[in-house]
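Novice: have a look; sequence and predicted model below, questions after that.
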Amino acid sequence: MLFIFGLLLLLIPTHTCVEMFCRFNQTDPCYASLGHKLNLQMVTDARDQKLELHKELNSNTKMRVFRVKNNKIMNKHEAISDRSEFIFNNGTLIINSVIRSDSGTYRLQIYTPDGTQTHAVNLQVIVEAPIGSVEVSINCSSSGEKRVSCSSEGDQLIFSWTLNGQELEDGNNIIHLDEETSGSITCTVKNSVSHGQNTTSVDRCPVERSVFVVFVVVWSLEMMLLLTLLGGFHIYIKYCRTHTSGRKQEEEIAL
């Protein structure tokens, strides 16, 4: 019974949580995965700290996300109030179920207890949809050339290919292989928040039935024409021999 239950668990599809971690002292943009969790560490310890977090809406307008003072969260904006929590002992803001509008430039300001600003730093947050399932399809042309295409859901997709373990230079989602190519081909798709891949086998393309039928029909017509010509030529030779023999007999009688 436990074995069957285990098999059922393996058959149930699961979705891995894409949890991203960023710090306000990093120089690169912070990438967040759409619909998943983002950890924004502002300071190493926020206890007894006074700080404010703002989000720039445009060049002249900014929105205060929240304030930290006297070990309390104050003025948390409704845009994240139901989706976030703040961990004081490591100074991290956790945003659950990231949405598109969470993208933007955030500004962290740190103050002394008497209200003097000591630090101010910006962090750009970019939200991307993670990679979905990767699908690979192979189509054969009448000449035997193979057209291999790769597709997936997600933002800012980057494609790469390997054939029998060897990397291919083509970075597009569609590649073309010649008639003799066979083996195992892998399409890898990635972006800044996730990656996925699919491996499939590549075989020689079968001859299309329509092409085969056309070949048989043309070959049959050519054979019929050849046989007709041979038959006609045989009749012509026979006629010529009979006609020549008759003329000789007539000449002999006349003599």
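Specialist: Thanks, I have it. Just so we're clear, the structure is a prediction, and the values are computed from it rather than from any experiment.
Novice: show me where this structure has its helices.
Specialist: Counting by DSSP state H, the chain has these helices, from start to end: 2-11, 78-81, 209-254.
Novice: neighbours around I95, how many?
Specialist: 21 (other C-beta atoms under 10 Å). For glycine as for every other residue, the C-beta is placed from the backbone atoms N, C-alpha and C.
Novice: swap in I94?
Specialist: Counted with other C-beta under 10 Å, I94 comes out at 16.
Novice: okay, now the closest residue to it other than its chain neighbours: neighbour count?
Specialist: Once flanking residues are discounted, I94 sits nearest to E85: 5.1 Å by C-beta to C-beta, 6 or more residues apart in numbering. Burial of E85 is recorded as 12 neighbouring residues (other C-beta under 10 Å).
Novice: quick one, what contacts E85?
Specialist: For E85, the contacting residues are 93-94, 96, by C-beta atoms under 8 Å, 6 or more residues apart in numbering.
Novice: can you check L227 too?
Specialist: By C-beta under 8 Å, 6+ apart, L227 has no neighbours at all.
Novice: which pLDDT value belongs to it?
Specialist: For L227, the pLDDT comes out at 80.
Novice: gap between it and N172?
Specialist: 52 Å (C-beta to C-beta, to the nearest Å).
Novice: ok, N71 next?
Specialist: 54 Å.
Novice: and for V189?
Specialist: 12 Å.
Novice: now do S81
Specialist: 44 Å.
Novice: what of D45?
Specialist: Separation of D45 from N172 (C-beta to C-beta) stands at 48 Å.
Novice: excluding its backbone neighbours, what's nearest Q26?
Specialist: L123 (7.2 Å).
Novice: quick check: bridge partners of the one you found?
Specialist: Y106 (DSSP bridges).
Novice: confidence-wise, which of the helices of the chain is weakest overall?
Specialist: helix 2-11 (a mean of 35).
Novice: from the chain's centroid, how far away is stretch 115-129?
Specialist: Offset of stretch 115-129 from its chain centre (C-alpha atoms, centre = their mean, to the nearest Å): 32 Å.
Novice: show residues contacting that stretch.
Specialist: The contact list for stretch 115-129 (C-beta under 8 Å, 6+ apart) reads 22, 24-26, 29-35, 38, 40, 50, 98-100, 102-112, 153-156, 191-193.
Novice: ditto for stretch 46-57
Specialist: Counting by C-beta under 8 Å, 6+ apart, residues outside stretch 46-57 touching it are 42-43, 62-69, 71, 86-91, 93, 104-113, 115.
Novice: next one, pLDDT for the nearest residue to R67 once chain neighbours are set aside please.
Specialist: Excluding the flanking residues, the one nearest R67 by C-beta to C-beta, 6+ apart is M74, at 4.4 Å. Turning to M74, the model gives it a pLDDT of 92.
Novice: how close does M74 sit to L53?
Specialist: In terms of C-beta to C-beta, M74 sits 11 Å off from L53.
Novice: if I look at those two, which residues touch both of them?
Specialist: 66-67.
Novice: those two: who's more crowded?
Specialist: Between M74 and L53, L53 has the larger neighbour count (other C-beta under 10 Å), namely 23 against 11.
Novice: returning to what we had before: from the contacts of stretch 115-129, list just the buried residues.
Specialist: 22, 24, 30-35, 38, 40, 50, 98, 102-104, 106-108, 110-111, 154-155, 191-193 (16 or more other C-beta atoms under 10 Å).
Novice: which residues are contacting stretch 88-105?
Specialist: With contacts defined as C-beta under 8 Å, 6+ apart, stretch 88-105 is touched by 32-47, 49, 53, 55-57, 66, 68, 71, 79-80, 83-87, 122-127.
Novice: mind checking how far the nearest residue to Q197 once chain neighbours are set aside is from L34?
Specialist: Distances taken as C-beta to C-beta, 6+ apart put T188 closest to Q197, at 4.3 Å, once the chain neighbours are dropped. The gap separating T188 from L34 is 20 Å, by C-beta to C-beta.
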